[in-house]
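A.B. asks: no sequence on hand, only this structure:
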Ligand code: SF4
Ligand code: SF4
């Protein structure tokens, strides 16, 4: 399912929201309150802090009855989440950049134990040098830890994803943790007009969580975290892969249900002017807004430009990406992180592999942009589009947008 | 028993039946074992509480034996016993004596 986000002017949904002016972090904290987690364990880190702060205020003011655990580190945060989820609780946390890096060991445990934890990841550059601003190097380092990864574009989508994430994670065919990615500062701290859904409608949408084998079910005691060796480990990993494959349908299913109630419709991908595009960019996250503007400008000049925004980074919708780009002659991929020493940047590599696997072997050129929070003005994206149209541009890594360098 | 295929295994490596470790000898790699000087034991249960493998067997509030199928020989009990009536003997010594 490839859908375009319903824009203004669409008809009134069955359950309308209340317009609010809020930043992404605060609105995500509202989503957390509305899905009523049993346990939230989190450690504040910029730019995620607003989520933790706002949510802990909700707890302190009795607006949600969650056991809030102010832990001593992110490793402890995820560990506490894992313990609570094993017990059978609905669990959430949030983090950013170095915080996520500190969680790394336990990220795989959350997934390996098949715990439907939801984590809001406010993407941030990794140190050194120290940088608190947005890029995707934190998120890209967790791609293979077995978490479903949704990437929002704006405040509204970060909130909507936060709600849908619960349904996806707790779908028994999936039973995997879900990361809800929102761009640090760009989405977490910028105030936008968005819609806050009614509390009871969200609570009803996500429903009651019924864990399959909770440790607290004393009538059916189970062992969690036992030793696995060569005799069983491979089969358990294969099971995890099955959950990940099922997540694709679960993402679409949750999106359909969400759209039928709340009016905003999402898919694995978000396409813009792609149907007849001769040249297109692939991107994740908040840069898509600027890119749509650039596409509009190019279209006015007669260039058939298009945009493909990947909303579901894991599982990577390879077939859908290949289908969406089938007719596009020149494809560019924009990565907001580096993959030092790799064949190419993370999103580029996924797109190239998807096209190669599904028989659409068009050349794919990659650019690195916005690393460490560097602003990328529309003109730079436009330059990349124009470079794609230039027959001299080679597939592979083309370079950086907005890098100061000696020519 | 044929090991299960992935489609038949419980998810996440959980084990559905309780007490399944009874059927697995986890102490086979032990280097030394606790030897209790029974007449001096006052059945305070400190060793029982400290043992990470629940290897002390108790009957009617009395310590009666060490479960050597599951004792891993860590020696914690020997250190913690307030009566110092647990000694650690190496498995080679035990084998030689037998
Ligand atoms: S700690 Fe020592 S005295 Fe106490 S029960 Fe164990 S062996 Fe006996
Ligand atoms: S040696 Fe360790 S494992 Fe064995 S009985 Fe003593 S405390 Fe338990």
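C.D. replies: Alright, I've got the coordinates. Since this is a predicted model, take the numbers as computed values, not measurements. Residues are numbered from 1 along each chain as shown, chains lettered A, B, ... in the order given. Ligands and ions are numbered 1, 2, ... in the order given.

A.B. asks: which SS class is the closest residue in space to residue A:199 that isn't next to it in sequence?
C.D. replies: Leaving out its chain neighbours, the residue that sits closest to residue A:199 by Cβ to Cβ, 6 or more residues apart in numbering or on different chains is residue A:34, at 5.2 Å. Placement of C-beta: from N, CA and C, glycine included. Residue A:34 carries the three-state label helix when classified by DSSP: H, G, I helix; E, B strand; the rest coil.

A.B. asks: hang on, residue A:34 packs against residue A:204?
C.D. replies: No - with contacts counted by Cβ atoms under 8 Å, residue A:34 stays clear of residue A:204, the gap being 10.1 Å.

A.B. asks: which one of the two is surrounded by more residues?
C.D. replies: residue A:34 (24 against 12; other Cβ atoms under 10 Å in any protein chain shown).

A.B. asks: now do the same contact list for the more buried one.
C.D. replies: Residues near residue A:34 by Cβ atoms under 8 Å, 6 or more residues apart in numbering or on different chains: A:163, A:197, A:199, A:202-203.

A.B. asks: what distance do you get for it to ligand 2?
C.D. replies: Separation of residue A:34 from ligand 2 (Cβ to the nearest ligand atom, to the nearest Å): 49 Å.

A.B. asks: what about residue A:385, neighbour count?
C.D. replies: 22.

A.B. asks: packing partners of the helix or strand containing it?
C.D. replies: Per DSSP states H and E, residue A:385 falls inside helix A:378-389. Helices and strands touching helix A:378-389, by 3 or more Cβ pairs under 8 Å, 6 or more residues apart in numbering or on different chains; DSSP states H and E, are strand A:279-283, helix A:287-300, strand A:330-335, strand A:364-368.

A.B. asks: so for ligand 2, which of those sits nearest?
C.D. replies: Closest approach to ligand 2 among those (Cβ to the nearest ligand atom): strand A:330-335, 51.8 Å.

A.B. asks: burial count for residue A:117?
C.D. replies: As a burial measure, residue A:117 scores 28 neighbours (other Cβ under 10 Å).

A.B. asks: what distance do you get for it to ligand 2?
C.D. replies: From residue A:117 to ligand 2 the distance is 33 Å (Cβ to the nearest ligand atom).

A.B. asks: who touches that residue in this structure?
C.D. replies: Contacts of residue A:117 by Cβ under 8 Å, 6+ apart are A:78, A:81-82, A:85, A:91-93, A:110, A:169, A:177-178.

A.B. asks: switch to 10 Å and redo it
C.D. replies: By Cβ atoms under 10 Å, 6 or more residues apart in numbering or on different chains, residue A:117 lies in contact with A:37, A:39, A:41, A:78, A:81-82, A:84-85, A:89-93, A:107, A:110-111, A:147, A:165, A:169, A:176-179.

A.B. asks: help me see whether the helix or strand of chain B at the bottom of the mean pLDDT ranking makes contact with ligand 2, please.
C.D. replies: Least confident helix or strand of chain B, by mean pLDDT, DSSP states H and E, is helix B:91-97 with a mean of 95. No - if you take Cβ under 6 Å from any ligand atom as the test, helix B:91-97 misses ligand 2, and the best it gets is 11.8 Å.

A.B. asks: which residues touch that helix?
C.D. replies: B:29-33, B:35, B:68, B:73, B:89-90.

A.B. asks: dump these into CSV; add secondary structure and distance to residue A:299 as well.
C.D. replies: Listed next are these as CSV, based on DSSP: H, G, I helix; E, B strand; the rest coil; distance: Cβ to Cβ, whole Å:
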residue, secondary structure, distance to residue A:299
B:29, coil, 70
B:30, coil, 74
B:31, coil, 75
B:32, strand, 79
B:33, strand, 80
B:35, strand, 86
B:68, coil, 79
B:73, coil, 75
B:89, strand, 84
B:90, strand, 81
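
A.B. asks: farthest-apart pair in those residues, please.
C.D. replies: For these, the maximum inter-member distance is 18.6 Å, found between B:29 and B:35 (Cβ to Cβ).

A.B. asks: neighbour count winner among these two?
C.D. replies: Of the pair residue B:29 and residue B:35, residue B:35 is the one with more neighbours under other Cβ under 10 Å, namely 15 against 9.

A.B. asks: ok, and which of the contacts of residue A:117 reach chain B?
C.D. replies: For chain B, the contacts drawn from the contacts of residue A:117 by Cβ under 10 Å from any Cβ of the partner chain are A:111, A:176.

A.B. asks: so which of the contacts of residue A:117 are in strands?
C.D. replies: Counting by DSSP state E, the contacts of residue A:117 place A:39, A:41, A:91-93, A:178-179 in strands.

A.B. asks: picking up where we left off before, tell me the buried residues in the least confident helix or strand of chain B?
C.D. replies: With burial defined by 16 or more other Cβ atoms under 10 Å in any protein chain shown, not one residue of helix B:91-97 is counted as buried.

A.B. asks: which ones are touching the residue nearest to residue A:133 when sequence neighbours are not counted?
C.D. replies: The spatially closest residue to residue A:133, leaving aside those adjacent along the chain, is residue A:373, at 2.3 Å (Cβ to Cβ, 6+ apart). Taking Cβ under 10 Å, 6+ apart, we find residue A:373 in contact with A:47, A:124-125, A:131-135, A:183-186, A:336.

A.B. asks: again, only using 7 Å
C.D. replies: When contacts are counted by Cβ atoms under 7 Å, 6 or more residues apart in numbering or on different chains, residue A:373 is found next to A:125, A:131, A:133-135, A:185.

A.B. asks: for stretch A:149-161, give me every contacting residue.
C.D. replies: With Cβ under 7 Å, 6+ apart as the criterion, stretch A:149-161 contacts A:22-24, A:27-28, A:31, A:139, A:165, A:178-182, A:187, A:192, A:194-195, A:258, A:264, A:266, A:284-286, A:288-289, A:309-314.
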